[in-house]
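Colleague: Let's see this in three dimensions:
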Amino acid sequence: MATPMTASQFVKALEDEGVDVREYRSWRTHNRNHKGAWGPVHGIVIHHTAGSNSLALCYDGMIGLPGPLCHTHLAKSGVASMLSAGRANHAGTFAQNAFNAMLNEASSHPRPSSSESVDGNRHTYGVEIENLGNGRDFYPQKQYDAAVRWAAAICRVHGWSADSVIGHKEGTTRKIDPKGPVGSADGPDFDMNQFRRDVDARLAKDEAPKPTTPSKPTTPTKPAKPATPATPTVDLSNLVAAARRDPDLKQGGTTHPADVKIVEAALKAEGLLGASYAKDGSFGSLTRAAYSAWQRRCGYSGSAADGIPGKASLERLGAKRGFKVKA
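Modeller: Numbering: from 1, shown residues only. The predicted structure is shown next:
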């Protein structure tokens, strides 16, 4: 189960994804947690505001619907204003079939049934994108791109695919959002399947460092000696925790990805783990099976070769594949 991000984690995730983030009023403590649980979180909901100049409204709410009405408000300019880091009044109730598709990251999202038994506010993040929702007001490309980055940032933190992202209209029969042309008044309508494809494309990218212009040296300098890379270290306790927890998470769920990736690379080098699973940072069932094979290669059997790392087998793998073990 995914624990919601803290306010600081939320801001960092968005900034790392290239979102222009602004902190609005007392957003870090502004929530509806007193009305119900917040989390575990299972997905992301995309909304339109159905109005203009709606930042304050999304923060304060209205009679019968107190704020915050979302976690983030996304202006036409692409600026993302943070309104809450807790439970928000954005989703209401969801149909069980729609919620299950989001939870299970199904490749298709069914028309929501009329019976709505799921508390969407408890389990989802929500963004309100500034748009009239009349089918004519368009989403500028900068705003749409910011929405893609916003959703991708949350997916990246939780190890979700874009199939954890749904439109409000896909969770309930009560809503039509998001609606309206994208890019220009003549652009295509906001299509959630295309939006998910754009989020997945964003998740496939790694942020490249911005190029810098080297300054011309005023005096000759000797070339610096190349730095000797530090030997990576893995924490045995982190790996044990990941090996016990990750197999029961959703596909791609991670506990201690930095430590796990080092061991996955070593298992791949040993020919025990396929390349496609050697970089995901999840000590899932395939990684655990690969480590079990390594334990058997070391001479262990039975419960001693259950795929949960032990100090001796891990140190032996590290000695062979270039990492240290912190026990």
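Colleague: Please make it C-alpha for all contacts and neighbour counts, starting now.
Modeller: OK.
Colleague: so where do the strands sit in the stretch 151-300 of the chain?
Modeller: In chain order, the stretch 151-300 of the chain shows strands spanning 165-167, 233-235, with DSSP state E, counting those that start in this stretch as the criterion.
Colleague: Quickly, which of the ones you listed bottoms out on average pLDDT?
Modeller: Within the strands of the stretch 151-300 of the chain, the least confident segment by mean pLDDT turns out to be strand 233-235, at a mean of 90.
Colleague: follow-up on the earlier one: need the winner for burial among the strands of the stretch 151-300 of the chain.
Modeller: Comparing these on average neighbours per residue, with mean count of other CA atoms under 10 Å, the densest one is strand 165-167 at a mean of 27.
Colleague: which stretches of the chain form helices?
Modeller: Under the criterion DSSP state H, the chain carries helices at the ranges 7-16, 55-60, 96-103, 120-123, 141-158, 168-171, 192-203, 236-245, 257-269, 285-297, 311-321.
Colleague: residues near T6, how many?
Modeller: For T6, the number of neighbouring residues by other CA atoms under 10 Å comes to 12.
Colleague: Excluding covalently adjacent residues, which one is nearest to it?
Modeller: Counting by CA to CA, 6 or more residues apart in numbering, the nearest residue to T6 once its immediate chain neighbours are dropped is A85, at 6.5 Å.
Colleague: One more: A289?
Modeller: If the residues on either side of it in the chain are set aside, A289 comes closest to G307, at 5.8 Å by CA to CA, 6+ apart.
Colleague: domains in the protein, as residue ranges please.
Modeller: Taking automatic domain parsing as the domain assignment, the ranges for the chain are 7-203, 233-326.
Colleague: Point out where this structure drops to low pLDDT.
Modeller: Judged against pLDDT under 70, the low-scoring parts of the chain cover residues 1, 206-229, 251-252.
Colleague: Centre-most residue in it?
Modeller: When the chain is reduced to its mean C-alpha position, the closest residue under CA atoms, centre = their mean turns out to be C155, at 1.9 Å.
Colleague: Number of residues surrounding the nearest residue to that one once chain neighbours are set aside?
Modeller: Using CA to CA, 6+ apart and skipping the chain neighbours, the partner closest in space to C155 is S161 (6.2 Å). Counted by other CA under 10 Å, the residues lying close to S161 total 23.
Colleague: shouldn't S161 be in contact with R202?
Modeller: No - counting by CA atoms under 8 Å, R202 is not a contact partner of S161; they are 10.6 Å apart.
Colleague: Bridged to V182, which residues?
Modeller: Partner residues in beta bridges with V182, using DSSP bridges, are Y139.
Colleague: Surely it and Q194 touch.
Modeller: No - here V182 lies out of contact with Q194, judged by CA under 8 Å, at a distance of 11.1 Å.
Colleague: how much space between N131 and L55?
Modeller: As judged by CA to CA, to the nearest Å, N131 and L55 stand 12 Å apart.
Colleague: Of those two, which one has the most company?
Modeller: Regarding N131 and L55, a neighbour count based on other CA under 10 Å identifies N131 as having more, with 27 against 23.
Colleague: for that one, what are its contacts?
Modeller: N131 makes contact with H48, T49, A50, G51, S52, K76, D137, F138, Y139, G180, according to CA atoms under 8 Å, 6 or more residues apart in numbering.
Colleague: residues contacting I129?
Modeller: When contacts are counted by CA under 8 Å, 6+ apart, I129 is found next to I46, H47, H48, T49, H73, L74, A75, K76, A147.
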